[in-house]
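K.L.:
Pasting a predicted model and its sequence here:
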Amino acid sequence: MFAQLLLMMVVPALLAAAAVWDLASFTIPNYLSLALVALFGVFALTTGFSAGDAGLHLLACLVALAIGFTMFALNYIGGGDAKLFAALALWLGPHDLVAYSLVATMLGGVLTLTLLAVRQLPLPAGLARQGWILKLHDSRSGIPYGVALAAGFFVILPQAEIFRLAAIG
């Protein structure tokens, strides 16, 4: 029951906070990614992960961190996005990381194309008074990729191994 609460309430709340924060400020606070990592430890203990399974999830996290920081170094994503990606990879492990990466990438592409199109349109006067919307609308701004990372997790979760583990843990 506790594992289900973590996975179905706490993790989504942290991901929603990360997405909103990224949308509003183009940053994702480190404490959100660190909280996800810490909560995974609690989840693993609660569901009886073996040391081998935990090691595989940690390996997925490290691979995702290397990929994320490479993309950050190439200026494709922000540092907060790279850390969030790694934290979510820890949760998903090697079983679901590839599917998650594909879904998040597709959602990121849709988000990017949508923002690029919307940025070509003038802002209504009421929205133009909001600083965060002005920044989001600015063509020199980046893409709040944390939104796609969070959405991708929500899409993949019902089919993910951790979902099954939470149900029996």
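P.N.:
Right, received. Where do you want to start?

K.L.:
Which neighbouring elements make contact with the longest helix along the chain?
P.N.:
Counting residues, the longest helix found in the chain (DSSP state H) is helix 79-118. In this structure, helix 79-118 packs against helix 11-25, helix 30-47, helix 51-73, helix 146-156, helix 161-168, with contacts taken as 3 or more Cβ pairs under 8 Å, 6 or more residues apart in numbering; DSSP states H and E. Backbone N, C-alpha and C define where each C-beta goes, glycine included.

K.L.:
Just the buried residues of the shortest one, please?
P.N.:
This points to helix 161-168. For helix 161-168, a neighbour-count test (16 or more other Cβ atoms under 10 Å) marks 162, 165, 166 as buried.

K.L.:
now the angle from that helix to helix 79-118?
P.N.:
Angle of helix 161-168 versus helix 79-118, following axes from the mean of the first three to the mean of the last three Cα atoms, to 10 degrees, is 110 degrees.

K.L.:
Tell me where the protein is predicted with low confidence.
P.N.:
Scanning the chain for pLDDT under 70 picks out 169.

K.L.:
if we go to 90?
P.N.:
1, 125-131, 165-169 (pLDDT under 90).

K.L.:
residue with max distance from the center of it?
P.N.:
Largest separation from the mean C-alpha position in the chain: residue 125, at 31.8 Å (Cα atoms, centre = their mean).

K.L.:
Let me know how buried the spatially closest residue to residue 86 that is not a sequence neighbour is, in neighbour terms.
P.N.:
Closest residue to residue 86 apart from its sequence neighbours, by Cβ to Cβ, 6 or more residues apart in numbering: residue 65 at 3.8 Å. Using other Cβ atoms under 10 Å, residue 65 is surrounded by 17 other residues.

K.L.:
wait, residue 17 sits on residue 32?
P.N.:
Yes. Contact between residue 17 and residue 32 holds when scored by Cβ atoms under 8 Å: they sit 6.0 Å apart.

K.L.:
These two - which one has more neighbours?
P.N.:
More crowded of residue 17 and residue 32, by other Cβ under 10 Å: residue 32, with 20 against 17.

K.L.:
The more buried one and residue 164: what is the separation?
P.N.:
Computed as Cβ to Cβ, to the nearest Å, the residue 32 to residue 164 distance reads 25 Å.

K.L.:
what does residue 39 give?
P.N.:
From residue 39 across to residue 164, the span is 18 Å (Cβ to Cβ).
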